[in-house]
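Q: sharing a model prediction with you, sequence too.
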Amino acid sequence: MSLPYFLLPIAGPVVFAAASLFTLYACNQLVNPDIGSQPLIRELPQSGLTSFCIRPQFRYNDRVLNVYTRPGARVFRFMQQPSLPSDTLSSNIEPKGLVYTLLRGQETRPFATIRIQGLHSEIVFHNISPALPEPSVVSLTHAVDGDETYRMFILPDGRTYQWTGKERFLEQVIAKSSQSEPEIRNRIGSARRIGSRIWELKFDETQLSAELVLATALVSIFDQWNTSLGVFGWLWKSDEKPSH
């Protein structure tokens, strides 16, 4: 969630102080953790991963983002839209925030519409697979755990996933089966920033489709990964909006 412009002169020091205090508190909690509440993390494999590169198209900046498997091999593209088309709105969404469409290759019909707005973002998949019948709405919500933030989403089949804020991992979250067992987080993808405008995604496509990984990663690229300071979901963003 970005801050209003009139608060910017005072918000920077406030957010910095709050983030520093909260980080100290979280670190102190980690010194004496509640062992029973610690999740079991299964690390991302080092082989067998699909790799994509997201970069702005020349002269279009962030208005057009191309997705490549290798130099010159564009497989997807994101296109910024001025507003959400009325037929893509769900019952609880307002036409605010950044809006992108995801398209395959040279196709002109959007595969998905992505609305990015702070603590609650939303993706409408127009046609993907039997697992996501048309149209399917996937909501991304904000969560905090210690000094880490997440953008979480639940698929129609009930599976839960999250992109982490600091380490930038994509995790499948499996809830505790009993109080004596830990929550399980299977890491199935990761994101890495290259320079200021290029992102590399690596993920296990047998666990989650490329379209779902790309669309949900874009939310974090413009949201929780677009900041160096933040506390409880309030972010001091590096870019208030994409440069044109």
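A: Cool, got the structure.

Q: backbone dihedrals for the residue nearest to Ala175 when sequence neighbours are not counted, please?
A: Spatial nearest neighbour of Ala175, excluding adjacent residues (Cβ to Cβ, 6 or more residues apart in numbering): Glu183 at 6.1 Å. Heads up, the C-betas are built off the backbone N, CA and C, glycines and all. Backbone dihedrals for Glu183, given as degrees, to the nearest 10, come out at phi -70, psi 140.

Q: where does pLDDT dip in the protein?
A: Applying pLDDT under 70 to the chain flags the ranges 1-36, 83-96, 127-134, 228-244.

Q: can you map out the helices along it?
A: Taking DSSP state H as the test, the helices found in the chain are 8-31, 210-222.

Q: returning to that earlier point: roughly how far apart are the residue nearest to Ala175 and Leu212?
A: 21 Å (Cβ to Cβ, to the nearest Å).

Q: if you count what's nearby, which of these two comes out ahead?
A: Neighbour totals were compared for Glu183 and Leu212, and Leu212 leads with 24 against 15 (other Cβ atoms under 10 Å).

Q: ok, the more buried one to His120 distance?
A: Counting by Cβ to Cβ, the gap from Leu212 to His120 is 18 Å.

Q: am I right that Pro156 is in contact with Ser136?
A: Yes. Between Pro156 and Ser136 there is a contact at 6.1 Å, judged by Cβ atoms under 8 Å.

Q: quick one, which of those two is more surrounded?
A: Each of Pro156 and Ser136 has its neighbours counted (other Cβ under 10 Å); Ser136 has more, 17 against 12.

Q: which strand residues bridge the more buried one?
A: Note on Ser136: beta-bridge partners Phe125, judged by DSSP bridges.

Q: do you know how far it is from Lys202?
A: For Ser136, the distance to Lys202 equals 25 Å [Cβ to Cβ].

Q: what's the answer for Ile114, then?
A: Ile114 is 21 Å from Lys202, by Cβ to Cβ.

Q: compare the two (neighbour count), which wins?
A: Neighbours per residue, other Cβ under 10 Å: of Ile114 and Lys202, the larger number sits with Ile114, 29 against 18.

Q: quick one: contacts for the more buried one?
A: By Cβ atoms under 8 Å, 6 or more residues apart in numbering, the contact list for Ile114 reads Phe78, Val99, Tyr100, Thr101, Leu102, Ser121, Glu122, Ile123, Ala215, Leu218, Val219.

Q: between those residues, which sits nearest Arg193?
A: Closest to Arg193 out of the contacts of Ile114 is Leu218 (13.5 Å), distances taken as Cβ to Cβ.

Q: surely that closest one is in contact with Met79?
A: No. Contact between Leu218 and Met79 fails when scored by Cβ under 8 Å: they sit 11.5 Å apart.

Q: identify the contacts common to the two.
A: Residues touching both Leu218 and Met79 (Cβ under 8 Å, 6+ apart) are Tyr100.

Q: looking at the two, which is more packed in?
A: Looking at Leu218 and Met79 with other Cβ under 10 Å, you find the greater number of neighbours at Leu218, namely 23 against 15.

Q: sorry, back to before: now the residue nearest to Ala175: how far from Arg77?
A: 36 Å.

Q: now Leu140
A: The gap separating Leu140 from Arg77 is 21 Å, by Cβ to Cβ.
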